[in-house]
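Asks: Below are the sequence and a predicted model for it; my questions follow.
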Amino acid sequence: MLLNFLLAYVVYLCAPTPVLRAYHLTGYTQGTTYAITYYAADSLVGTEEVARQLAEIDASLSLYKAGSLINQFNQARRGVCPDHHLRLVVRKALEVHRATDGLFDATVEPLVQAWGFGHQPAAGTPTPAAIQKILRSVGSDKLTLRGDSLIKQVPTLHLDLNGIAQGYTVDVLAALLERHGIRDYVVEVGGELRVRGHRQPGGEVLRIGIERPDTSAFAAPALQQVIGLTAGGVTTSGNYRKFRRVGGQQAAHLINPKTGYPFRNELVSVTVVAPDALTADAYDNALMGMGLDRALRFLRQNPDLQAYFIYQRPNGAVADTATLGFTKLLLHP
């Protein structure tokens, strides 16, 4: 008996370690692209399984899908019974709304639409009177998640979860990989990421590039920072791509839910690192709205979040700064 045990132990020790190789999945979702790289000994997850998961999320959260649960809510006078996707994302939205003193608000959909950044063409620039009217239908204080019900206090309240749906989608796809025992991966949807583990088979740290836009023209990215991360979510929010010309000035797509007008401050972009992509995605927009000084104060009080900022000085020069935790992630040549 002892000899058999020793022989089995020796065989176990001598068994070759499975070689992990990279598998790549790509496709389209939520009006953008997705890319998944995972490391495993065999192909454990394919595009069909990913497509089924994405279709399930769209059926819940997509404003572009007729009959989706979020569209049912927006068209209802009172509310709906949310599925687990809608419940989780709304719960996070309400949490971040409270934490940011209302700067993040998932009910800004009518304002986003009025300013021409929604899923339907806008009639033109909204008038001050029109904005004041819309504001009566905006505010997460008019939204209640209670038990099996998601309830609106005014019939015209609408939800727009596009600001965090991609981060949530990234987390759901990461969870899909982990259910298959995959522990080394990068999941990206529309530039929002979730990573875990290391690059295989060498075990190198996973490297993530961060855009540094050419802010003189608010055009294409010119430079990059690179960070190394073994676990967490990374998302970026910026005003340098989505904007309209209003009265000779750029109106960014990030709308202040308190005033009804686009945010205006020195920030050009912010990249957030958080334990998960949903959290990072929710806070990146709020940090953009805060402006640099307030955002840095907020981050000092919330050490689970780290961030990298690109901003413009009063003289128009471009500068950057980051939290201490973020600088520790930077990889130098």
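Replies: All right, it came through fine. Numbers count the residues shown, from 1 in each chain.

Asks: and residue 116, how many neighbours does it have?
Replies: 18 (other Cβ atoms under 10 Å). (Glycine included, C-beta is placed from N, CA and C.)

Asks: That one sits in which helix or strand?
Replies: If you go by DSSP states H and E, residue 116 is not part of any helix or strand.

Asks: now it: how far from residue 59?
Replies: Per Cβ to Cβ, to the nearest Å, residue 116 is found 27 Å from residue 59.

Asks: mind giving me the domain ranges of this structure?
Replies: The chain resolves into domains spanning 20-63+162-202, 69-159, 205-333 when parsed by automatic domain parsing.

Asks: would you turn those into CSV with mean pLDDT?
Replies: Output for the domains of the chain, formatted as CSV (pLDDT from 0 to 100):
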stretch, mean pLDDT
domain 20-63+162-202, 96
domain 69-159, 92
domain 205-333, 84
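
Asks: packing partners for the lengthiest helix in the chain?
Replies: Taking DSSP state H as the criterion, the chain has its longest helix at helix 162-179. Where contact means 3 or more Cβ pairs under 8 Å, 6 or more residues apart in numbering; DSSP states H and E, helix 162-179 is packed against strand 32-40, helix 47-61, helix 84-99, strand 185-189, strand 192-196, strand 231-238, helix 277-290.

Asks: right, and the ones you listed - which one's nearest residue 149?
Replies: Of all the helices and strands packed on helix 162-179, it is helix 84-99 that lies closest to residue 149, at 10.1 Å by Cβ to Cβ.

Asks: which of the residues in the closest one are buried?
Replies: Using 16 or more other Cβ atoms under 10 Å as the test for burial, helix 84-99 gives 85, 86, 88, 89, 90, 92, 93, 94, 96, 97, 99.

Asks: Tell me which helix or strand comes right after it.
Replies: That would be, after helix 84-99 and using DSSP H and E, helix 109-114.

Asks: could you point out which element follows that following helix?
Replies: Next along from helix 109-114, by DSSP H and E: helix 128-135.

Asks: For that next one, name the packing helices and strands.
Replies: Judged by 3+ Cβ pairs under 8 Å, 6+ apart, helix 128-135 is in contact with helix 109-114.
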